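Student: sequence-free structure coming up:
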Ligand code: PMP
């Protein structure tokens with residue numbers, strides 16, 4: 001039996017997107033594919049709300065998208081400020097370290113954000129070239145508000161990088177209006193395409209910083225010197241080559257971006273918000289608390305804490321027997337204290353109800369006592 005995939009990526013994908021993946025593979029320099037690629041680049045700028053940005057589509061994962069921004073924008077001894085709200089923020093610090101940056105981390109307590117005053121104080125005290133933050137850290141389900149950080153980036157002339165792997169096309173992002181220089185993601189989450197694409201849109205200011213580099217980019221594959229002419233060529237409907245694009249994944253991306261724009265970004269933001277709130281509220285009905293404070297809880301995934309006495313392995317196994325795949329904890333320091341449920345992309349009210357029902361069953365089997373059916377009732381009422 002096919003199980004419902006409710007982890008925070010990869011997610012359930014639309015049939016038309018999957019069908020695009022099984023079409024005969026086109027030549028990467030054929031007129032048909034050049035159109036598909038060019039349209040995908042144009043649609044990215046709309047989904048990112050960054051009409052003047054420079055989009056990049058590359059074969060790779062979200063980590064490559066992070067690496068692309070880091071390697072192209074950082075030179076040895078550049079000062080970088082990392083705002084970390086979990087595992088992926090810490091990973092970014094590791095990456096900057098690899099490129100020789102002089103970096104500092106502002107690390108939030110588990111389930112919290114770093115307040116904007118603390119960030120501003122740091123930027124006022126020391127001159128930084130670049131600041132990175134994770135919009136939704138998938139290890140804690142903490143969401144950071146990007147707009148005030150974008151404003152600080154403009155005020156202090158610091159390049160801002162938003163890791164949107166778990167947020168783009170789910171949580172509200174207005175890249176250009178909010179003045180954020182780089183917004184990056186991967187295909188397998190709210191973008192709605194199987195794993196394998198690294199996606200990024202860079203502002204004019206970021207591209208200018210890249211052009212003014214004094215040293216060569218330390219990552220051969222990710223170097224924009226090689227990829228920028230390719231992206232520009234495809235957008236101008238001309239053939240170009242540096243590395244063979246993931247043809248079928250790009251075809252699937254084209255379909256998915258069309259679907260996202262058809263639904264409308266504002267509708268999508270509202271739908272994800274409603275879904276996130278309904279899911280968290282259903283968990284509360286079962287007596288579960290969450291890793292993030294409600295004020296900074298993500299809407300693309302949730303991280304409910306296990307009730308006392310429930311074993312992670314037993315719980316996840318029981319949920320699987322109910323036909324729903326959910327994920328365990330990820331943050332190394334608190335891994336066994338919580339589980340994670342993704343509710344982004346094409347997720348329907350029915351999917352969420354099925355998931356809450358499976359969680360109720362699994363909790364019951366693991367000895368947790370609660371008002372049976374209360375979670376399902378709650379989510380039904382909120383998503384009706
Ligand atoms: N950043 C965040 C916020 C993520 O959630 C992930 C993946 N879960 C990554 C980066 C890395 O993406 P990938 O696994 O595709 O390399």
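Tutor: Received it, and whenever you're ready, just let me know what you need. Predicted model only: the values in this text are computed from it and were never measured.
Student: can we go C-alpha only for contacts and neighbour counts from here?
Tutor: Will do.
Student: which stretches of the stretch 101-250 of the chain form helices?
Tutor: 116-125, 146-155, 175-178, 204-211, 224-235, 247-263 (DSSP state H, counting those that start in this stretch).
Student: Mean neighbour count, mean pLDDT and distance to the ligand added to those helices, as JSON lines?
Tutor: Shown next, in JSON lines, are those (neighbours: other C-alpha atoms under 10 Å; pLDDT from 0 to 100; distance: least, C-alpha to the nearest ligand atom, whole Å):
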{"stretch": "helix 116-125", "mean neighbour count": "13", "mean pLDDT": "98", "distance to the ligand": "20"}
{"stretch": "helix 146-155", "mean neighbour count": "19", "mean pLDDT": "98", "distance to the ligand": "14"}
{"stretch": "helix 175-178", "mean neighbour count": "18", "mean pLDDT": "98", "distance to the ligand": "17"}
{"stretch": "helix 204-211", "mean neighbour count": "16", "mean pLDDT": "98", "distance to the ligand": "20"}
{"stretch": "helix 224-235", "mean neighbour count": "18", "mean pLDDT": "98", "distance to the ligand": "19"}
{"stretch": "helix 247-263", "mean neighbour count": "21", "mean pLDDT": "98", "distance to the ligand": "14"}
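Student: Compare those helices and give me the one nearest residue 16.
Tutor: helix 247-263 (7.3 Å; C-alpha to C-alpha).
Student: Tell me who's in contact with residue 384.
Tutor: Going by C-alpha atoms under 8 Å, 6 or more residues apart in numbering, residue 384 touches residue 349.
Student: Please read off the pLDDT at it from the model.
Tutor: With respect to pLDDT, residue 384 scores 87.
Student: That one and residue 271, how far apart?
Tutor: For residue 384, the distance to residue 271 equals 12 Å [C-alpha to C-alpha, to the nearest Å].
Student: can you check residue 191 too?
Tutor: Residue 191 is 15 Å from residue 271, by C-alpha to C-alpha.
Student: more neighbours, those two?
Tutor: residue 191 (27 against 21; other C-alpha atoms under 10 Å).
Student: number of nearby residues for the closest residue to that one other than its chain neighbours?
Tutor: Distances taken as C-alpha to C-alpha, 6 or more residues apart in numbering put residue 169 closest to residue 191, at 5.8 Å, once the chain neighbours are dropped. Residue 169 is flanked by 29 other residues according to other C-alpha under 10 Å.
Student: Now residue 169, what are its backbone angles?
Tutor: Residue 169 adopts backbone torsions of phi 80, psi 10, taken as degrees, to the nearest 10.
Student: Buried ones in whichever helix or strand residue 39 is part of, by neighbour count?
Tutor: Following DSSP states H and E, one finds residue 39 within helix 31-47. Neighbour counts over helix 31-47 (16 or more other C-alpha atoms under 10 Å) mark 33-47 as buried.
Student: So residue 76: helix, strand or coil?
Tutor: Judged by DSSP: H, G, I helix; E, B strand; the rest coil, the three-state class of residue 76 is coil.
Student: The residue of the stretch 251-384 of the chain found nearest the ligand is in what secondary structure piece?
Tutor: Closest to the ligand within the stretch 251-384 of the chain is residue 330: 9.5 Å, counting by C-alpha to the nearest ligand atom. For residue 330, there is no enclosing helix or strand under DSSP H and E.
Student: what does residue 7 give?
Tutor: Going by DSSP H and E, residue 7 is not in any helix or strand.
Student: Quick check: residues of the chain near the ligand?
Tutor: Counting by C-alpha under 6 Å from any ligand atom, the chain comes close to the ligand at 61, 62, 63, 88, 134, 136, 137, 138, 163, 165, 166, 186.
Student: All set, thanks.
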